[in-house]
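# Predicted model and sequence follow; I will ask about them next.
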Amino acid sequence: QPQLVESGGGLVQPGGSLTLSCAASRFVVDHYAIGWVRQVTGNEREAVSCINFDDGTTYYADSVKGRFTEIRDKNTIYLQMNNLKHEDTAVYYCATDTTCEGIFPDPDPFAWGQGTQVTVSS
């Protein structure tokens with residue numbers, strides 16, 4: 001099972017920015033899709049973004065379009081989050097599957113990272 005290691009969560013004020021990182025193997029980033037999914041305790045998981053690395057197609061949830069950007073740099077996938085809002089508070093997971101269809105919009109990937117907490121609060 002592919003291993004995904006996340007980092008970068010924390011506390012940020014509304015309107016601020018934060019970047020999450022997801023380290024994966026070269027094989028994963030060359031052959032699979034990787035996306036970000038968030039979950040608030042008691043709520044369903046919400047797919048935030050996904051990139052199909054074979055064709056570069058990128059997907060974003062309407063709630064984050066124009067504010068979040070998913071980027072790949074070698075074996076690390078970043079989620080750049082700008083203009084953060086209270087409702088962005090959640091545990092964020094990176095996830096991988098053969099294509100984004102397994103992640104976005106209904107996440108059911110074959111591998112997950114451990115999750116990282118993002119809290120937006122003043």
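Arrived safely, thanks for sending. Residues are numbered from 1 along each chain as shown.

# and the least confident helix or strand in the chain by mean pLDDT, which residues are buried?
Lowest on mean pLDDT, DSSP states H and E among the helices and strands of the chain sits helix 26-31, with a mean of 84. Neighbour-count burial for helix 26-31, counted by 16 or more other CB atoms under 10 Å, picks out 28-29. (Glycine included, C-beta is placed from N, CA and C.)

# What helices and strands are in contact with the helix or strand that contains Cys94?
Element membership for Cys94, per DSSP states H and E: strand 90-97. Applying 3 or more CB pairs under 8 Å, 6 or more residues apart in numbering; DSSP states H and E, we find strand 90-97 packed against strand 5-7, strand 18-23, strand 33-39, strand 76-81, strand 111-112, strand 116-120.

# for the protein, which residue is closest to the average position?
In the chain, the residue lying closest to the centroid (CA atoms, centre = their mean) is Trp36, at 2.0 Å.

# Which residue is the nearest non-sequential neighbour of it?
Distances taken as CB to CB, 6 or more residues apart in numbering place Val48 nearest to Trp36, at 4.5 Å, with adjacent residues excluded.

# part of a strand, is that neighbour?
Yes. The assignment for Val48 is a strand, going by DSSP: H, G, I helix; E, B strand; the rest coil.

# ok, now which ones touch it?
For Val48, the contacting residues are 35-38, 60-61, 63-64, 68, 79, 92, by CB atoms under 8 Å, 6 or more residues apart in numbering.

# List only buried entries from these.
Buried among the contacts of Val48 (16+ other CB under 10 Å): 35-38, 60-61, 64, 68, 79, 92.

# Let's have the residues you listed in JSON lines, adding pLDDT and distance to Pro14.
Shown next, in JSON lines, are those (pLDDT from 0 to 100; distance: CB to CB, whole Å):
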{"residue": "Gly35", "pLDDT": "96", "distance to Pro14": "25"}
{"residue": "Trp36", "pLDDT": "98", "distance to Pro14": "20"}
{"residue": "Val37", "pLDDT": "98", "distance to Pro14": "22"}
{"residue": "Arg38", "pLDDT": "97", "distance to Pro14": "17"}
{"residue": "Tyr60", "pLDDT": "97", "distance to Pro14": "20"}
{"residue": "Ala61", "pLDDT": "97", "distance to Pro14": "19"}
{"residue": "Val64", "pLDDT": "97", "distance to Pro14": "15"}
{"residue": "Phe68", "pLDDT": "98", "distance to Pro14": "15"}
{"residue": "Leu79", "pLDDT": "98", "distance to Pro14": "18"}
{"residue": "Tyr92", "pLDDT": "97", "distance to Pro14": "17"}
